[in-house]
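need a 3D model of the sequence below.
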Amino acid sequence: MEYVYASLLLHSAGREINEENIKRVLESAGIQVDETKVKMIVAALKEINVDEVPAAAPSEEKGGEEEEKEEVSEEEIAEGIASLFG
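Sure thing, here's the model as predicted:
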C-alpha cells in the first residue's frame, strides 16, 4: 500500500510519478524500497489517469432524477491495486 500512497502523494503535489520520485518518498518515510514493486506501480499508473479513478462519492441528483452509478469502495480499490503485488 505504501507504493500506492507514495504515488498518490506525488500526484497530489503535482509531481511526476516515476521510479526515482517514488523511491525518494518511500526512503524519506524510512521504508525499504523494493525495486520490482516500484517498477510495477509506475508501469501500471502510466496507463491510468489518476484523476479519473473511480472512488466512493455521494451521488448527486440532477433535476430530481437520481442516476444509478456503481460505486467502488476504497477497500475494493485497495484490493485491486494490491493484486498487482501478489
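
quick one: least confident helix or strand in this protein?
strand 65-66 (a mean of 48; mean pLDDT, DSSP states H and E).

can you pull the buried residues of whatever helix or strand comes next after that one?
Going down the chain from strand 65-66, the next helix or strand is helix 74-82, by DSSP states H and E. The neighbour-count check on helix 74-82 (16 or more other Cβ atoms under 10 Å) flags Ile81 as buried. For the C-beta atoms, the positions are set from N, CA and C on the backbone; glycine is no exception.

for stretch 12-31, buried residues please.
Quick answer for stretch 12-31 (16+ other Cβ under 10 Å): 17, 21-22, 25-26.

I meant to write stretch 42-51 there.
Residues 42, 45 are the ones in stretch 42-51 that count as buried (16+ other Cβ under 10 Å).

end to end on that stretch, go ahead and measure it.
Terminal residues of stretch 42-51 lie 16 Å apart, using Cα to Cα, to the nearest Å.

kindly report the same for stretch 20-38.
9 Å.

starting at the chain centroid, how far to that stretch?
Mean C-alpha position of stretch 20-38 versus that of the full chain (Cα atoms, centre = their mean, to the nearest Å) differs by 15 Å.

which residues does it contact?
Here stretch 20-38 makes contact (Cβ atoms under 8 Å, 6 or more residues apart in numbering) with 2-3, 6-7, 9-10, 15, 19, 41-42, 85.

in the protein, which spans are strands?
In the chain, the strands defined using DSSP state E lie at 61-62, 65-66.

in TSV, list the contacts of stretch 20-38 along with distance to Val53.
Formatted as TSV, these follow (distance: Cβ to Cβ, whole Å):
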residue	distance to Val53
Glu2	18
Tyr3	15
Ala6	16
Ser7	11
Leu9	15
Leu10	14
Arg15	17
Glu19	20
Ile41	13
Val42	16
Phe85	17
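
these: which two are farthest apart?
Arg15 and Phe85 (22.2 Å; Cβ to Cβ).

can you give me the helices in the protein?
Assigned by DSSP state H, the helices in the chain fall at 2-12, 19-28, 35-46, 74-82.
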